[in-house]
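Student: Any chance you can model this:
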Amino acid sequence: MTLDQLRIFVAVAERQHVTRAAEALNLVQSAVSAAVNALETRHTVKLFHRVGRGIELTEAGRVFLGEARAVLARAQTAELVLADLSGLRRGTLAVRASQTIASHWLPRHLVAFRAAYPDIVLRLGIGNTAEAAEAVRAGTAELAFVEGAIDDASLGSTPIAEDRMVLVVSPGHPLAGCARPEPADLASTSWVLREPGSGTRSAFEAALVASGIAPDALAVALELPSNEAVLAAVVAGAGASVLSESVVGPALRTGALIAVPLALPTRTFQVLRHRERYRSRAADTLLAMIQAAP
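Tutor: Numbering: from 1, shown residues only. Take a look at the predicted model:
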């Protein structure tokens, strides 16, 4: 059993899809299938159910997934120790980020770090806030940048930046000319929102509760898994949404979307680290660069 086989198994298990795992690992599909088959054949155990064109973890696969993640986390910690001993002249830094942060805020900081330390390999994984936190918890990422609140005693959370959220609609939407929407206006319109678990949705729902509006009172027409999908649906007239200003800025400037005046609190981007795991010099340096950036 090799670390590469474990990485492939975890990638397939997390995505429940061989092709998507191959794309994420930059491997051909046959290599991914061969690695999974080799594990199953060598240990005479089925890790996946093959259901039509899809796959699902067997009970043995679910048990093995936790062990595989733990082994990979330990291997990554060992690599971090060696990287620190080499003085940032080699190594890998695994980072997770929510979609808003990964697409619009984090890239310039990663580019600056890469320019300063070209021998450190950066691995960026993207998911919603809950998924990013789970990566740090499981040890598959050292840092997670999120915009949602995380209540987990094993994770330390530090504010790293601020972000403003904006209520947006298409030009033809009834709220487009509204000077100040009332709760009844919000309840009567159709909404296009990110999926539950995303930081964007959590922040919006928290703002609704603070204003005395129950999130369940909204008529949610669409739940979509990415900012880009939500943005496209709102531009097409599917309903209203609340997104990061960094996401909707270009559409506002071209007139494809209209910002509706609504008092929404500024939210804070957080960086998550595990309280008990090894802290690498590479991660410390990246955070210091971000905090010093204008």
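
Student: make it CA atoms for all contacts and neighbour counts henceforth
Tutor: Noted.

Student: residue contacts, the closest residue in space to residue 226 that isn't next to it in sequence?
Tutor: Sequence neighbours aside, residue 194 is the residue nearest to residue 226 in space, at 6.5 Å (criterion: CA to CA, 6 or more residues apart in numbering). Residues in contact with residue 194 (CA atoms under 8 Å, 6 or more residues apart in numbering) are 200-201, 223-227, 230.

Student: longest helix anywhere in the chain?
Tutor: The residue-count maximum for a helix in the chain (DSSP state H) belongs to helix 59-85.

Student: other SSEs contacting whatever helix or strand comes next after that one?
Tutor: As assigned by DSSP states H and E, the chain's next helix or strand after helix 59-85 is strand 92-97. Judged by 3 or more CA pairs under 8 Å, 6 or more residues apart in numbering; DSSP states H and E, strand 92-97 is in contact with helix 59-85, strand 121-126, helix 129-138, strand 143-146.

Student: With only the CA atoms kept, save the second one in PDB.
Tutor: In other words, strand 121-126. Taking Å, rounded to 0.1, in the frame of the first residue of the first chain, the C-alpha atoms of strand 121-126 are listed here in PDB:
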ATOM      1  CA  VAL A 121       4.400  23.900  -3.600                       C
ATOM      2  CA  LEU A 122       0.900  25.400  -2.800                       C
ATOM      3  CA  ARG A 123      -2.000  23.000  -3.000                       C
ATOM      4  CA  LEU A 124      -5.400  24.900  -2.900                       C
ATOM      5  CA  GLY A 125      -8.600  22.900  -2.400                       C
ATOM      6  CA  ILE A 126     -12.000  24.600  -2.800                       C
END
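
Student: Identify the residues contacting it?
Tutor: Residues contacting strand 121-126 (CA under 8 Å, 6+ apart): 90-99, 102, 110, 114, 132.

Student: Now that strand: buried residues?
Tutor: Buried residues in strand 121-126, counting neighbours by 16 or more other CA atoms under 10 Å, are found at 122, 124-126.

Student: so residue 49 sits in a helix?
Tutor: No - the assignment for residue 49, made by DSSP: H, G, I helix; E, B strand; the rest coil, is strand rather than a helix.

Student: Does it touch residue 59 like I think?
Tutor: No - look at residue 49 against residue 59 with CA atoms under 8 Å: they stay out of range, at 9.7 Å.

Student: before we move on, back to that, most neighbours among the contacts of residue 194, please name it.
Tutor: Compared across the contacts of residue 194, residue 200 has the highest neighbour count, 26 neighbours, by other CA atoms under 10 Å.

Student: Distance of that residue relative to residue 242?
Tutor: In this view, residue 200 and residue 242 are 8 Å apart by CA to CA, to the nearest Å.

Student: Below-threshold pLDDT in the stretch 1-150 of the chain: ranges please.
Tutor: Across the stretch 1-150 of the chain, residues meeting the criterion (pLDDT under 70) sit at 84-86, 148.

Student: need the strands for this structure, in chain order.
Tutor: Assigned by DSSP state E, the chain shows strands spanning 48-51, 54-57, 92-97, 121-126, 143-146, 155-163, 165-169, 190-194, 219-224, 241-244, 258-260, 267-274.

Student: Tell me which of these sits most buried.
Tutor: strand 143-146 (a mean of 29; mean count of other CA atoms under 10 Å).

Student: Alpha carbons of it, as PDB, please.
Tutor: The C-alpha atoms that make up strand 143-146 are tabulated as PDB, following Å, rounded to 0.1, in the frame of the first residue of the first chain:
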ATOM      1  CA  LEU A 143      -5.000  26.300   6.800                       C
ATOM      2  CA  ALA A 144      -8.600  27.000   5.800                       C
ATOM      3  CA  PHE A 145      -9.800  30.500   4.800                       C
ATOM      4  CA  VAL A 146     -13.600  30.800   5.300                       C
END
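
Student: What strands line up against it, and which way round?
Tutor: Take DSSP bridges as the rule and strand 143-146 pairs in its sheet with strand 92-97 (parallel), strand 267-274 (antiparallel).

Student: Good, we can wrap up now.
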